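Student: Based on what follows, work out the 3D shape:
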Amino acid sequence: MYSVIIRDHMMIAHSFDSEAFGPAQKLHGATYVVDAEFKAEQLDENSIVIDIDIATKELQKALAPLKYQNLDELKQFEGKLTTTEFLAKYVHDTISEAVSDRFSGSLKITLGESHVAWATYEAPVK
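Tutor: Residues are numbered from 1 along each chain as shown. So this is what the prediction gives:
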């Protein structure tokens with residue numbers, strides 16, 4: 001298995017409308033390190049997994065609407081708990097849709113919310 005990993009980051013604010021989150025129910029900020037790992041069984045005709053420039057730009061485009069935003073105020077997240085796990089899948093689905101015509105393999109998105117905690121979502125590109 002081959003892989004290429006691209007990294008970016010985003011700063012967001014959000015709250016959680018559930019007692020399960022204790023003090024995080026209140027509005028708070030998070031800075032995520034975001035890794036997008038593109039995986040393929042075989043290299044393409046150019047002997048690459050995916051063009052690094054394309055992967056970088058698609059990760060940047062996926063994160064741009066979220067950066068420096070209060071996710072509670074974004075329509076696409078209305079009524080959603082924007083947990084780290086939820087956001088990993090959201091970023092995955094956004095990138096997957098953008099690269100599906102140029103990449104066939106799996107995409108793993110990891111959001112690191114601190115030096116001791118992170119969440120991942122991985123699935124084939126649709």
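
Student: so what's the residue nearest to the spatial centre of the chain up against?
Tutor: Taking Cα atoms, centre = their mean, the centroid of the chain lies closest to Val91, which sits 3.3 Å from it. Val91 makes contact with Val34, Ala36, Leu59, Ala62, Leu63, Ile109, Leu111, Tyr121 under the criterion Cβ atoms under 8 Å, 6 or more residues apart in numbering. Backbone N, C-alpha and C define where each C-beta goes, glycine included.

Student: what about the residue lying closest to the fifth one once chain neighbours are set aside, neighbour count?
Tutor: The spatial neighbour of Leu63 that comes closest, neighbours along the chain excluded (Cβ to Cβ, 6 or more residues apart in numbering), is Met10 at 4.8 Å. A count of neighbours around Met10, defined by other Cβ atoms under 10 Å, yields 21.

Student: Name the strands paired with the helix or strand where Met10 lies and say parallel or antiparallel.
Tutor: In the assignment (DSSP states H and E), Met10 maps to strand 2-14. Under the criterion DSSP bridges, strand 2-14 sits next to strand 28-40 (antiparallel), strand 69-70 (parallel) in its sheet.

Student: okay, the residue nearest to Leu63: pLDDT?
Tutor: In this model, Met10 is scored at 98, pLDDT.

Student: for His28, same thing?
Tutor: Note for His28: predicted pLDDT of 95.

Student: Do I have it right that it meets Ile12?
Tutor: No. Between His28 and Ile12 there is no contact under Cβ atoms under 8 Å: 9.8 Å.
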